[in-house]
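Participant: Could you look at this predicted model? Sequence included:
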There are 2 protein chains.
Amino acid sequence: MTDATTIAFVVYPGLTILDLVGPLQTLGGLQTVEDLFGTDTRHQVTVVGESLDVWPTDTPLRVAAQATFDDVPHPDIIVVPGGGRPTLRQLGNDRLLDYLREVDRSADVVASVCTGALILAAAGLLNGRRATTHWGYHHLLDRLGATYVPERWVEDGRYLTAAGVSSGIDMALYLVERLTNADMARAVQLGIEYDPHPPQGSIDWSTVDRDMLRPVVEANAKAALADHPDVLARLVG
Amino acid sequence: MTDATTIAFVVYPGLTILDLVGPLQTLGGLQTVEDLFGTDTRHQVTVVGESLDVWPTDTPLRVAAQATFDDVPHPDIIVVPGGGRPTLRQLGNDRLLDYLREVDRSADVVASVCTGALILAAAGLLNGRRATTHWGYHHLLDRLGATYVPERWVEDGRYLTAAGVSSGIDMALYLVERLTNADMARAVQLGIEYDPHPPQGSIDWSTVDRDMLRPVVEANAKAALADHPDVLARLVG
């Protein structure tokens, strides 16, 4: 048995909590299945933040990390969740961006959910790469040097990006299969009973204008990055 | 405009975090859509616990409530998430069970996700009712006086129960439609980009033995409820 593969999930104030928890529960489920089956592969999830403080999310739930960035400087895999205005604020947070650049030097997989892709892009990690994000923020991803692809998840080299919010579960199950095999992924899927039946059916993308949130998104960017005119100019110049 | 409908989500130490966050993000999304559209209906989500302490979950993420049980004695809707051994421990927690009995006297909807149904049943709220829970724990639901139904979510009068973990998202979208209308539910679904594509396909239930976890579940019950022999006897007598 080799050392466990470390999968770190980033938290920051105001994040969209399902962006984090979807893949965290899924990859934590891999750890549970490995324990149950006594497999050769070993994966260990952790949650990292700038501090261990208790932070707000985009819901009334408050959350806290398990470890600081300094505690986990070189995870094998990192997952960055997204959100609305608070996530845009992180595009000007050099402490987070520097951490991600350092992690990127040695990580096997650098992943994001939703607008977490904008954070990766702001750190310079998605230049010229195919990537995805929440449908309402697609134009910002292009402006930060990536090429937006309207898929559920997108893999380009070591970079794995999921679309909005709930898509992180699908991305994580894909990652479980890539890290182990399809049977393990199916065991994790059964554990979290991921047999989705959206009561209103699938999203009919032919009716969705992916630019409809643009005024809201640009107002959010201006409010979030008033103190970072250089970053703001990249987004809405 | 009427007063907002209060939707309270219960937290307790060791819960399965996606059980909580799936419907919390979905019903929180309803609040966001209502704000955006300026609708007549108003819904407000909150997270309640015995205290505001920071608690562990079944992942390395730690969480804290927004309000105590005393702060929110009569929410219009309550949602109880589940989990493994720590959830079974709650079956002997009179403080929680008494709170749920009190809430039940006036609530419009009493809901659970996963093994949260066992907590509702232990409080005596599902006697003789059709309900669902995580597939691996179905026999405990029957032993606590309900009738297990293997569906994604089950509605019986004011009681709405979802199957394992991720099923809370589907249940919550059903609830959004019931509380408002299908267009609102579709707007929430689009906001959280819930267009699931499980990479390994749907769960093939014909291959699943719903009793396969029984030894693990019964060992968990014995460990969790060693100090509550009366409750334990109801589960594994």
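Facilitator: Right, received. Where do you want to start?

Participant: Now name the helix or strand holding A:A185.
Facilitator: Element membership of A:A185 [criterion: DSSP states H and E] is helix A:182-191.

Participant: Spell out whether that helix and chain B are in contact.
Facilitator: Yes - in terms of CB under 8 Å from any CB of the partner chain, part of helix A:182-191 sits within range of chain B, namely A:182, A:185-186, A:189-191. No exception for glycine: its C-beta is placed from N, CA and C like everyone else's.

Participant: Strands of chain A, residue ranges please.
Facilitator: In chain A, the strands defined using DSSP state E lie at A:5-10, A:43-49, A:54-56, A:62-64, A:67-68, A:77-80, A:109-113, A:130-131, A:147-148, A:153-156, A:159-162.

Participant: I'd like those strands as JSON lines, with distance to chain B, mean pLDDT and mean neighbour count appended.
Facilitator: Shown next, in JSON lines, are the strands of chain A (distance: least, CB to the nearest CB, whole Å; pLDDT from 0 to 100; neighbours: other CB atoms under 10 Å in any protein chain shown):
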{"stretch": "strand A:5-10", "distance to chain B": "8", "mean pLDDT": "98", "mean neighbour count": "24"}
{"stretch": "strand A:43-49", "distance to chain B": "5", "mean pLDDT": "97", "mean neighbour count": "22"}
{"stretch": "strand A:54-56", "distance to chain B": "6", "mean pLDDT": "98", "mean neighbour count": "17"}
{"stretch": "strand A:62-64", "distance to chain B": "4", "mean pLDDT": "98", "mean neighbour count": "22"}
{"stretch": "strand A:67-68", "distance to chain B": "8", "mean pLDDT": "98", "mean neighbour count": "14"}
{"stretch": "strand A:77-80", "distance to chain B": "12", "mean pLDDT": "98", "mean neighbour count": "26"}
{"stretch": "strand A:109-113", "distance to chain B": "10", "mean pLDDT": "98", "mean neighbour count": "28"}
{"stretch": "strand A:130-131", "distance to chain B": "15", "mean pLDDT": "98", "mean neighbour count": "22"}
{"stretch": "strand A:147-148", "distance to chain B": "14", "mean pLDDT": "98", "mean neighbour count": "18"}
{"stretch": "strand A:153-156", "distance to chain B": "9", "mean pLDDT": "98", "mean neighbour count": "20"}
{"stretch": "strand A:159-162", "distance to chain B": "9", "mean pLDDT": "98", "mean neighbour count": "28"}
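
Participant: Would you state the helices of chain A in chain order?
Facilitator: All helices of chain A, identified by DSSP state H, fall at A:17-37, A:85-90, A:94-104, A:116-122, A:138-143, A:167-179, A:182-191, A:214-224, A:229-236.

Participant: counting contacts, what elements does the fourth one pack onto?
Facilitator: If contacts are counted by 3 or more CB pairs under 8 Å, 6 or more residues apart in numbering or on different chains; DSSP states H and E, helix A:116-122 sits against strand A:77-80, helix A:85-90, helix A:94-104, strand A:109-113, strand A:130-131, helix A:138-143, strand A:159-162.

Participant: let's see 10 Å
Facilitator: When contacts are defined as 3 or more CB pairs under 10 Å, 6 or more residues apart in numbering or on different chains; DSSP states H and E, helix A:116-122 packs onto strand A:77-80, helix A:85-90, helix A:94-104, strand A:109-113, strand A:130-131, helix A:138-143, strand A:159-162, helix A:229-236.

Participant: What of the second one?
Facilitator: Where contact means 3+ CB pairs under 10 Å, 6+ apart, helix A:85-90 is packed against helix A:116-122, helix A:214-224, helix A:229-236.

Participant: Next, the contact list for A:L213, please.
Facilitator: Residues near A:L213 by CB atoms under 10 Å, 6 or more residues apart in numbering or on different chains: A:84, A:134-139, A:220, B:36, B:191.

Participant: redo that, cut-off 8 Å
Facilitator: A:136-137 (CB atoms under 8 Å, 6 or more residues apart in numbering or on different chains).

Participant: And the pLDDT at it?
Facilitator: If you check A:L213, the pLDDT there is 93.

Participant: do the same with A:G38
Facilitator: Looking at A:G38, its pLDDT reads 88.

Participant: Also the one 4 residues further on?
Facilitator: Confidence per residue is given as pLDDT, and for A:R42 that number is 93.

Participant: mind checking how far stretch A:93-101 is from the chain centre?
Facilitator: Taking CA atoms, centre = their mean, to the nearest Å, one finds stretch A:93-101 lying 15 Å from the centre of the chain it belongs to.

Participant: Please apply the same query to stretch A:20-35.
Facilitator: 15 Å.

Participant: what mean pLDDT does that stretch have?
Facilitator: 96.

Participant: quick one: contacts for the residue nearest to A:E151 when sequence neighbours are not counted?
Facilitator: Once flanking residues are discounted, A:E151 sits nearest to A:T132: 5.6 Å by CB to CB, 6 or more residues apart in numbering or on different chains. Contact partners of A:T132, counting by CB under 8 Å, 6+ apart, are A:117, A:141, A:148-154, A:161-163.

Participant: want to throw those into a markdown table with distance to A:T41?
Facilitator: Compiled in a markdown table, those are given as follows (distance: CB to CB, whole Å):
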| residue | distance to A:T41 |
| --- | --- |
| A:A117 | 27 |
| A:L141 | 32 |
| A:Y148 | 33 |
| A:V149 | 29 |
| A:P150 | 33 |
| A:E151 | 27 |
| A:R152 | 25 |
| A:W153 | 21 |
| A:V154 | 25 |
| A:T161 | 24 |
| A:A162 | 22 |
| A:A163 | 27 |
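
Participant: Max pairwise distance over these: which two?
Facilitator: Maximum pairwise distance among the contacts of A:T132 (CB to CB): 15.3 Å, between A:L141 and A:R152.

Participant: Comparing those two, which residue is more hemmed in?
Facilitator: The neighbour comparison of A:L141 against A:R152 (other CB atoms under 10 Å in any protein chain shown) goes to A:L141, with 23 against 18.
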